[in-house]
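Q: please find the sequence and the predicted model below.
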Amino acid sequence: MRRLLMGAAVAMMAAAPAMAELVVPNLSYRTGPYAPGGIPYADGFNDYFTLLNERDGGIGGEPVRVVECETAYNTEKGVECYEATKGEGSLVYNPLSTGITYQLIPKATADGIPLYTPGYGRTSAANGKVFEWVFNYPANYWDAASVAVKYLLSENGGDLSGKKIALVYHNSAYGKEPIRTLQELSAKHGFELMEVPVDHPGQEQKSQWLQIRRDRPDYVLMWGWGVMNSVAVQEAANIRFPMENFIGVWWSGSENDVVPAGAGADGYKSLAMHGTGMDYPVYDALKEHVYDAGKSSGAGDQVGSVLYSRGMYAAMVISEAIRKAQEIHGTAAVNAAQVRDGFEALEITEERMAELGLPGFGQPFAASCEDHGGPGKGLIQQWDADTGTWSLITDFIEPDDEVLVPLVMADSEAFAAENNISMRCE
């Protein structure tokens, strides 16, 4: 009888459908010179999905499995991670690397898996007519460059003619992204643009900052990442460059970028794409269901930092796109193609952000077939070394679409012609 019962149980288990999983890879980097940015982002990304699993049972009743793969911010390793994980039913990739993103765009497009690259990656992917599988809302690098210049215009009575602005940039696809935009804005507004490249990984910058001391630009913009950021802030302090005139992109504005310079970093500014700090209800939920339960990602020491919040934000947008896909297709066990539809139909309202425990955290946006890029607004935040906190010093600033839209269209249309891609959304 016991053998009969056991046999029946095994047969029932074999016949029962396996529980579906929503697989979301995390192409992270916790090692090397870019770990100061990679670790907090990966922790926030993981912890948000842990919250959904522990509190809600996943998304739409389906548990989320985050598959983390170490890339060390290396493009070749990033592609290897993609190839190693795509067969697990991966629904979307968030590479957190412009170099990896450029390599994955043709691969993910051929495989039918969406890429979500908020605030990084290929800027012209904002044109959904060409880039069907790539989404970079709510803002991109060209938006960031325009927002920085708009802020400087507001600081100078609307006139930058005769001013000199230096761009200190990571000498890679990432760091080169804003150059064309800044060149166009330089022609429009009459400022001189200095281009100052910094080679990987950015630990040696003395010659660049001696050049800045010699040429005396009025402002310095920075497109840095990882250890490059903290070295640049320290070098700027060493030459006594006025920190209030030093503005990093949103990837150069974390606590890890400024704390090493101590009081020397006071007054440094950066762009931001979302709010700062932990004064949001979602952190109460994370504390209850993740931190206090001993389920934090990593060492649990990055909670509430700028990049932790950004990783959490990316996970939130991905989860909302999955939720939208479930709604559109009438099934909880969605596949990658259905999640793409969710990304393209996604609308994040202020009301929805509040429901998610993030009131006022980010800008509302609505995607469409044509628009995969969002409104592109940005904030300016400033570092207070005494309190060890970032403070937002502006409201959201709109980018200059008069300059940006033609650039996005020209670049995306050239990509379409080179790759024989037919325009969608007609």
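A: Now that the structure is in, tell me what you want to look at.
Q: flag every buried residue along stretch 366-382.
A: 367, 370-382 (16 or more other Cβ atoms under 10 Å). The way it works is simple: take the backbone N, C-alpha and C, and place the C-beta from them, glycine included.
Q: any buried residues in stretch 41-56, and which?
A: 41-54.
Q: now pLDDT and secondary structure too, for those, in TSV please.
A: Formatted as TSV, the buried residues of stretch 41-56 follow (pLDDT from 0 to 100; DSSP: H, G, I helix; E, B strand; the rest coil):
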residue	pLDDT	secondary structure
Tyr41	98	helix
Ala42	98	helix
Asp43	98	helix
Gly44	98	helix
Phe45	98	helix
Asn46	98	helix
Asp47	98	helix
Tyr48	98	helix
Phe49	98	helix
Thr50	98	helix
Leu51	98	helix
Leu52	98	helix
Asn53	98	helix
Glu54	98	helix
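Q: turn those residues into CSV, columns for distance to Lys107.
A: CSV is the format used below for the buried residues of stretch 41-56 (distance: Cβ to Cβ, whole Å):
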residue, distance to Lys107
Tyr41, 22
Ala42, 22
Asp43, 27
Gly44, 26
Phe45, 21
Asn46, 24
Asp47, 28
Tyr48, 26
Phe49, 24
Thr50, 28
Leu51, 30
Leu52, 28
Asn53, 29
Glu54, 33
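Q: which one of those residues is nearest Ser319?
A: Ser319 lies nearest to Leu52 out of those, by Cβ to Cβ, at 6.1 Å.
Q: what's the spacing between the closest one and Tyr82?
A: For Leu52, the distance to Tyr82 (Cβ to Cβ, to the nearest Å) stands at 24 Å.
Q: residue boundaries of the strands in the stretch 1-150 of the chain?
A: 22-28, 64-70, 115-116, 134-135 (DSSP state E, counting those that start in this stretch).
Q: out of the ones you listed, indicate the one that is most buried.
A: strand 134-135 (a mean of 27; mean count of other Cβ atoms under 10 Å).
Q: which residues touch the residue nearest to Tyr280 when sequence neighbours are not counted?
A: Nearest non-adjacent residue to Tyr280, counting by Cβ to Cβ, 6 or more residues apart in numbering: Leu358, 5.3 Å away. Residues counted as contacts of Leu358 (Cβ atoms under 8 Å, 6 or more residues apart in numbering) are Gly275, Tyr280, Pro281, Val282, Tyr313, Met316.
Q: which residues of this structure score low on pLDDT?
A: Within the chain, the set of residues satisfying pLDDT under 70 comprises 1-19.
Q: 50 instead?
A: 1-18 (pLDDT under 50).
Q: next one: the residue nearest the centre of it relative to Ser146, how far apart?
A: Nearest to the geometric centre of the chain sits Pro118, at 3.9 Å (Cα atoms, centre = their mean). Separation of Pro118 from Ser146 (Cβ to Cβ): 17 Å.
Q: quick check on the closest residue to Ala366 other than its chain neighbours: phi, psi?
A: Sequence neighbours aside, Glu347 is the residue nearest to Ala366 in space, at 4.1 Å (criterion: Cβ to Cβ, 6+ apart). Torsion angles at Glu347 (phi, psi; degrees, to the nearest 10) stand at phi -130, psi 120.
Q: renumber starting at 23 from here on
A: Sure, I'll start numbering at 23, so the last one becomes Glu369.
Q: ranges for the helices of the stretch 123-272 of the chain?
A: Listed in chain order, the helices of the stretch 123-272 of the chain (DSSP state H, counting those that start in this stretch) span 163-177, 195-198, 201-211, 228-237, 249-260.
Q: so which of the ones you listed gets nearest Gly100?
A: Short answer: helix 195-198, nearest of those by Cβ to Cβ, at 12.3 Å.
Q: ok, the residue nearest to the centre of the chain - contacts?
A: By Cβ under 8 Å, 6+ apart, the contact set of Pro140 is Asn116, Asn158, Tyr159, Pro160, Ala161, Met295, Arg332, Tyr335, Ala336, Val339.
Q: Phe418: neighbour count?
A: 18 (other Cβ atoms under 10 Å).
Q: how near is it to Arg236?
A: Counting by Cβ to Cβ, the gap from Phe418 to Arg236 is 36 Å.
Q: on that earlier part again, just the buried subset of the contacts of Leu380, please.
A: With neighbours counted using 16+ other Cβ under 10 Å, these contain these buried positions: Gly297, Tyr302, Val304, Tyr335, Met338.
Q: the fourth one contacts Phe383, correct?
A: When you say that, I think you mean Tyr335. Yes. Here Tyr335 reaches Phe383: they are 7.2 Å apart, a contact under Cβ atoms under 8 Å.
Q: mind listing the shared neighbours of the two?
A: His296.
Q: how much space between the spatially closest residue to Asn260 that is not a sequence neighbour and Cys103?
A: Leaving aside its sequence neighbours, Asn260 sits nearest to Trp231 (Cβ to Cβ, 6+ apart; 7.1 Å). If you measure Trp231 against Cys103 using Cβ to Cβ, the figure is 35 Å.
Q: same deal with Asp393?
A: 29 Å.
Q: go on, Tyr138?
A: Taken as Cβ to Cβ, the span from Tyr138 to Cys103 is 16 Å.
Q: before we move on, what about Ile350?
A: Ile350 sits 29 Å away from Cys103, going by Cβ to Cβ.
Q: of those two, which one has the most company?
A: The neighbour comparison of Ile350 against Cys103 (other Cβ under 10 Å) goes to Cys103, with 24 against 15.
Q: residues touching that one, list them.
A: Per Cβ under 8 Å, 6+ apart, neighbours of Cys103: Pro47, Leu49, Cys91, Glu92, Thr93.
Q: may I have stretch 353-372 as PDB, with CA atoms only?
A: Provided in PDB are the C-alpha atoms of stretch 353-372 (Å, rounded to 0.1, in the frame of the first residue of the first chain):
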ATOM      1  CA  THR A 353      -1.500  35.700 -18.500                       C
ATOM      2  CA  ALA A 354       0.800  36.000 -15.500                       C
ATOM      3  CA  ALA A 355       3.500  33.700 -17.100                       C
ATOM      4  CA  VAL A 356       4.600  36.200 -19.800                       C
ATOM      5  CA  ASN A 357       7.400  35.700 -22.200                       C
ATOM      6  CA  ALA A 358      10.100  38.200 -23.400                       C
ATOM      7  CA  ALA A 359       8.100  39.300 -26.500                       C
ATOM      8  CA  GLN A 360       5.100  40.000 -24.300                       C
ATOM      9  CA  VAL A 361       7.200  42.000 -21.800                       C
ATOM     10  CA  ARG A 362       8.400  44.100 -24.800                       C
ATOM     11  CA  ASP A 363       4.800  45.000 -25.300                       C
ATOM     12  CA  GLY A 364       4.500  45.900 -21.700                       C
ATOM     13  CA  PHE A 365       7.500  48.300 -22.000                       C
ATOM     14  CA  GLU A 366       6.000  49.900 -25.000                       C
ATOM     15  CA  ALA A 367       2.600  50.500 -23.400                       C
ATOM     16  CA  LEU A 368       4.000  51.500 -20.000                       C
ATOM     17  CA  GLU A 369       2.800  54.600 -18.300                       C
ATOM     18  CA  ILE A 370       4.200  55.700 -14.900                       C
ATOM     19  CA  THR A 371       2.000  58.400 -13.400                       C
ATOM     20  CA  GLU A 372       2.600  60.400 -10.200                       C
END
